[in-house]
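Engineer: sequence below, structure please.
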Amino acid sequence: MKPKLHHVNFSTKNVAQMSEFYKRILFLETETKDIPKLDKTKAYSGDVEFITDGKVQTHLAELDFNLNFKTGHSINPLARGHIAFRTENLEEFKKHLESQNINFSDWGETAVSGWKQIFFYDPDGNIIEVHEKNAD
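Structural biologist: Purely as a prediction, here's the structure:
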């Protein structure tokens, strides 16, 4: 159940510019493995690029201040960006959050086909994602 760092998401007005910056300045490369399958027919249809240092992904996603209103979820992971962890047992992790009195928004597969996602806030209001990837 212990989550492991998977990706950092930066929300941006210009995905291409951000991608070029991170590739040029930090030598990140286009991610070709384990890319989420975005369903743009659902609530989010913005541009996204996936880059990596070879271990941790960076997701560069177009800002969408209205995503939570479109989906009916209380947390908008693309308003400010978020940090994401992967777990092998999301249900067990949700029980852990409940035992710690941490509220979370259960997105299920609203945004990414094959990933069950939840989002919650840390004490300073930073958004944290924990997801479980469905077996292929």
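
Engineer: where does Ser19 fall, phi/psi-wise?
Structural biologist: Per-residue torsions, Ser19: phi -60, psi -50 (degrees, to the nearest 10).

Engineer: surely it is in contact with Thr52?
Structural biologist: No. Ser19 lies out of contact with Thr52 (CB atoms under 8 Å); the separation is 11.7 Å. All C-beta spots, glycine's among them, are computed from the backbone N, C-alpha and C.

Engineer: let me see the ranges of the strands in this protein.
Structural biologist: 4-12, 29-30, 37-38, 48-52, 57-62, 82-86, 105-108, 112-113, 115-121, 127-133 (DSSP state E).

Engineer: the longest one: which residues count as buried?
Structural biologist: Within strand 4-12, the residues that qualify as buried by neighbour count (16 or more other CB atoms under 10 Å) are 6-7, 9-12.

Engineer: what pairs with the helix or strand of the chain with the lowest mean pLDDT, parallel or antiparallel?
Structural biologist: When each helix and strand of the chain is scored by mean pLDDT, DSSP states H and E, strand 37-38 comes last, with a mean of 78. Strand pairing for strand 37-38, using DSSP bridges, gives strand 112-113 (antiparallel).
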